[in-house]
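A.B. asks: how would this look folded up:
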Amino acid sequence: MLEGLITKFMGETAAKLRLVFDAIRQSRGVYLFDEFDALGAHRNQSNDVGEIRRVLNSFLQLLEKDSSDSLIVAATNHEKMLDRALFRRFDDVIEYALPDLTLAEEIIRRKLAPFETSNVDWPTILHRAQSFSPADLVRVSEEAAKKAVLIDSKRITTESILSALEERKAACL
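C.D. replies: Next comes the predicted model:
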């Protein structure tokens, strides 16, 4: 939703935000603001030119005035970047922790179930996968599977998973 909301012209983003809240009032539904840190970053950021601060203030006011039957959800992977005032405006804040080693292994194994993984060095894989979210682990597994399919193999190697982990880590920086 945010990609169509944030513009380079001053004042236009807040106006579009008002249109979104008008739609929220008119059409009952679930409205997801994904990658919310783009809109909800701390208002005291040193690199802020003021526009995003005004947009956040508008969002806070619109959220506070909202009396619709809609559900408004905001999601981020960077909760520490969010302005603290946002946490007071939402009824619930749900945090998801990174998976432990057991869950990380289960995620990877399930995604790679159609393949032969008996020679995979799981302790090495899991050591390197510690800081990955469940979604990242799924993407890593899919990448390793894709590489196996492209070379017409039913076997997943430790190296292919490690390579996919490194690619994913680089993509997330």
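
A.B. asks: so residue 108 touches residue 129, yeah?
C.D. replies: Yes - applying C-beta atoms under 8 Å, one finds residue 108 in contact with residue 129, separated by 7.3 Å. From N, CA and C alone the C-beta is placed, and that goes for glycine too.

A.B. asks: buried residues in the helix or strand harbouring residue 13?
C.D. replies: Using DSSP states H and E, residue 13 sits in helix 12-26. Residues of helix 12-26 classed as buried by neighbour count (16 or more other C-beta atoms under 10 Å): 13-14, 17, 20-21, 24.

A.B. asks: Packing partners of whichever helix or strand comes after that helix?
C.D. replies: In the C-terminal direction, the helix or strand that comes right after helix 12-26 (DSSP H and E) is strand 30-33. Contact here means 3 or more C-beta pairs under 8 Å, 6 or more residues apart in numbering; DSSP states H and E; on that basis strand 30-33 packs against strand 71-74.

A.B. asks: just checking, what packs against the strand it packs on?
C.D. replies: So strand 71-74, by 3+ C-beta pairs under 8 Å, 6+ apart, packs with strand 30-33.

A.B. asks: Give the next helix or strand downstream of the helix or strand of the chain with the lowest mean pLDDT.
C.D. replies: The element with the least model confidence among the helices and strands of the chain, by mean pLDDT, DSSP states H and E, is helix 37-40, at a mean of 76. Following helix 37-40 in sequence order, the next helix or strand is helix 51-65 (DSSP H and E).

A.B. asks: Could you pull up the mean pLDDT of stretch 138-158?
C.D. replies: Average pLDDT, stretch 138-158: 96.

A.B. asks: from now on call the first residue 676
C.D. replies: That works, and once the first residue is 676, the last one we named lands at stretch 813-833.

A.B. asks: Poorly predicted segments of the protein, please.
C.D. replies: Of all residues in the chain, those with pLDDT under 70 make up the ranges 676-686, 717-726, 848.
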